[in-house]
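Make a model of this:
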Amino acid sequence: MKKLVSNLLLIAVIAFGMASCTNAQKMIDAADQINIKCNPEVLEVIAGNIDATVSVTFPPEYFLPKATLEVTPVLLYVGGEAVGKPFVYQGEKVTDNYKTVTKAGATITEKVHFDYVPGMEKSELVGRAKVYYKGAEFVYPADIKIADGANTTYMLADTEGSYHYMADGYQEVIPETAEAQIMYLINSSDVRNSELRSNDVKDFQEALKALAADERREIKGTEIVAYASPDGPEALNNKLSANREKSANKAFNTITKKLDAGNVTSRTIGEDWEGFQELVNNSNIEDKELILRVLSMYSDPNVREREIKNMSAVYSALKTNILPQLRRARFITNVEYTNYTAEELADLVDNNIDVLDEPALLRAAANAKDIDSKIAIYKQAVKKYGTDKAKYNLGVAYLDKGDNKAAKDAFDKMEKKEGNCYNNVMGVLAMRDGKLDEAAKWFAKVTCKHGKINQGTLDILNGKYNDAATKLAGSGTHNETIAYILTNQLDKASATIKGNCPYCNYKKAIIAARKGDVNAYNAAMEIVNKNEKLADRATKDVEFLKFR
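Alright, predicted model coming up:
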């Protein structure tokens, strides 16, 4: 009898187990009835994160009242897999604290998150499911695909930063003048012989002779300018100035006989208030500030003259020391000095570097054909002149080379650690080091265009694509194109691509793929494939999924 009861119990347990297995298997077999949607449909990396929203819809009669379903999101990628936090659902008769799915079905939304690691650009999000039913575990035999991943287009952004060299101040053509003047007596336009033999005139003649023999200097013309001192009636002074122009022309022809002075023009100024103000300002007259205030208060020359004459205490000094210097005519020969050419600068750097002033040395560095030569010349400039400009440009050259430590060392030696240039390169160094918050603080102090461009780059890296597109608009940079692509402003993105290199065509290929333009995509990829690095990236890039 006992044996019979034992056998009956064993049969009941086996039957119960078989029934449980059969019911759980029905859930597994009907897995294709579960509707899974992912937003975004193709995963995207934003600021180093992969985030998505997964909606799971269970059909009516799918979920067993006493079953528990555990789904673990897993991101499969080349080189590994990342396991997310499981989602757990329970039937309506389960008393645990999970999300409940009734026999009528349900739609449940979940969030998934993964930290990006290299390799995830070619990946697949799947769900691994298990059913727990009446004390037993039943594993779904295959992963449930949820989405492809992951778009890394933002990583195409150039993170080297935007910066510039300080202007070297070098002038390829330097304007110069050779000048002389002849002086007149009060109320006279006659040129005295003594003026024609003055040392000033003799020096002018010698200068013209020297210019004729100087291959680096070219006379561009001479101007004769006649003046009158601002004392006496204005009409008389204007006439006097005009007569001095005529006599000065005759005197100039005498002085420059057989000398080349270029094309000669002449003009009359009349009362020389500008010269008067300059002479007073540079004088030792006790009340010169008062005189200059009078000049600024009145625009009528007659009123100005009257007010100055009313200052009896100073008028004597003006009459003796200032006004006679304004009764004159000037001979001004304009000259252009042609500075060293790039070839000459390079030769001087090698053979006679000591003759180069700082602007010439900095220009020689700017002209250097390779980065190491550029750095060597900037070092010479720092050693010889020690200015912040030389130190800064040396640091920028190191930035160009990619030697961030040497760049920082150069910038740290600057005396004034302030201003747009300094703040910007400090931000660039922080950005290159991945310290985006620190970089943002530096760039916030920068008011030039480079600061705005770099802020746009930070916006791309931080996933603020609309902000990036606004800041980078019109910058003409690679990152402007990337920002427009990331905000799906594809026509604007196309308009910003100017070249035809593999990198330009990679951007063209992305735009074509997003537009579904097969011909444009194929044309761009022909050039992309000439670059091994880009060709390899393209094989993994989900931007091109529809064309693979």
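
make it CA atoms for all contacts and neighbour counts henceforth
Fine.

where does this structure have low pLDDT?
Along the chain, segments meeting pLDDT under 70 span 1-21, 312-313.

Now do the residue most central in space within it against residue 423, distance only.
Most central in the chain under C-alpha atoms, centre = their mean is residue 450, positioned 3.0 Å from the mean C-alpha point. Here residue 450 is placed at a distance of 11 Å from residue 423 (C-alpha to C-alpha, to the nearest Å).

before we move on, the earlier item: just the element for the residue nearest to the centre of the chain, please.
Residue 450 belongs to helix 449-461 when assigned by DSSP states H and E.

how big is the angle separating the helix or strand just after that helix from helix 449-461?
Next helix or strand after helix 449-461 toward the C-terminus (DSSP H and E): helix 465-472. Compare the direction of helix 465-472 with that of helix 449-461 by axes from the mean of the first three to the mean of the last three C-alpha atoms, to 10 degrees and you get 170 degrees.

Hmm, residue 93 and residue 68 touching each other?
No. Residue 68 lies out of contact with residue 93 (C-alpha atoms under 8 Å); the separation is 9.9 Å.

The residue nearest to the centre of the chain - nearest residue in space that isn't next to it in sequence?
residue 162 (5.3 Å; C-alpha to C-alpha, 6 or more residues apart in numbering).

that older thread, in CSV, list the C-alpha atoms belonging to the helix holding residue 450.
What follows is helix 449-461, C-alpha atoms only, in CSV (Å, rounded to 0.1, in the frame of the first residue of the first chain):
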residue,chain,number,x,y,z
LYS,A,449,36.7,83.8,-32.7
HIS,A,450,38.9,80.9,-31.5
GLY,A,451,37.2,80.8,-28.1
LYS,A,452,33.8,80.6,-29.8
ILE,A,453,34.9,77.8,-32.1
ASN,A,454,36.4,75.9,-29.2
GLN,A,455,33.2,76.3,-27.2
GLY,A,456,31.4,74.8,-30.2
THR,A,457,33.7,71.9,-30.1
LEU,A,458,33.0,71.3,-26.4
ASP,A,459,29.3,71.4,-27.2
ILE,A,460,29.8,68.6,-29.7
LEU,A,461,31.7,66.6,-27.1
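
Summarise which helices and strands that helix is packed against.
Under the contact criterion of 3 or more C-alpha pairs under 8 Å, 6 or more residues apart in numbering; DSSP states H and E, helix 449-461 touches helix 419-432, helix 436-443, helix 465-472.

what's stretch 494-506 in contact with?
476-478, 480-481, 508, 511, 524-525, 527-531, 534 (C-alpha atoms under 8 Å, 6 or more residues apart in numbering).

can you do 7 Å?
Applying C-alpha atoms under 7 Å, 6 or more residues apart in numbering, the contact partners of stretch 494-506 are 476, 481, 508, 524, 525, 527, 528, 531.

In TSV, list those along with neighbour count and distance to residue 320.
Formatted as TSV, the contacts of stretch 494-506 follow (neighbours: other C-alpha atoms under 10 Å; distance: C-alpha to C-alpha, whole Å):
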residue	neighbour count	distance to residue 320
476	14	63
481	26	70
508	25	78
524	23	82
525	21	84
527	19	81
528	26	82
531	13	81
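
In JSON lines, list the residues you listed along with distance to residue 152.
Putting the contacts of stretch 494-506 into JSON lines (distance: C-alpha to C-alpha, whole Å) gives the following:
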{"residue": "476", "distance to residue 152": "22"}
{"residue": "481", "distance to residue 152": "15"}
{"residue": "508", "distance to residue 152": "16"}
{"residue": "524", "distance to residue 152": "19"}
{"residue": "525", "distance to residue 152": "18"}
{"residue": "527", "distance to residue 152": "21"}
{"residue": "528", "distance to residue 152": "17"}
{"residue": "531", "distance to residue 152": "19"}
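
List the ones among these that fall in helices.
Using DSSP state H, 481, 508, 524, 525, 527, 528 are the members of the contacts of stretch 494-506 that sit in helices.

Identify the residues contacting the first one.
Listed by C-alpha under 7 Å, 6+ apart, the contact set of residue 481 reads 493, 496, 497.

Keep only those of these that are in helices.
For the contacts of residue 481, secondary structure assignment (DSSP H) places residue 493 in helices.

Kindly indicate which of the contacts of residue 481 lies nearest residue 320.
Ranked by distance to residue 320 (C-alpha to C-alpha), the contacts of residue 481 are led by residue 496 at 68.3 Å.

That's all I had, so thanks and see you.
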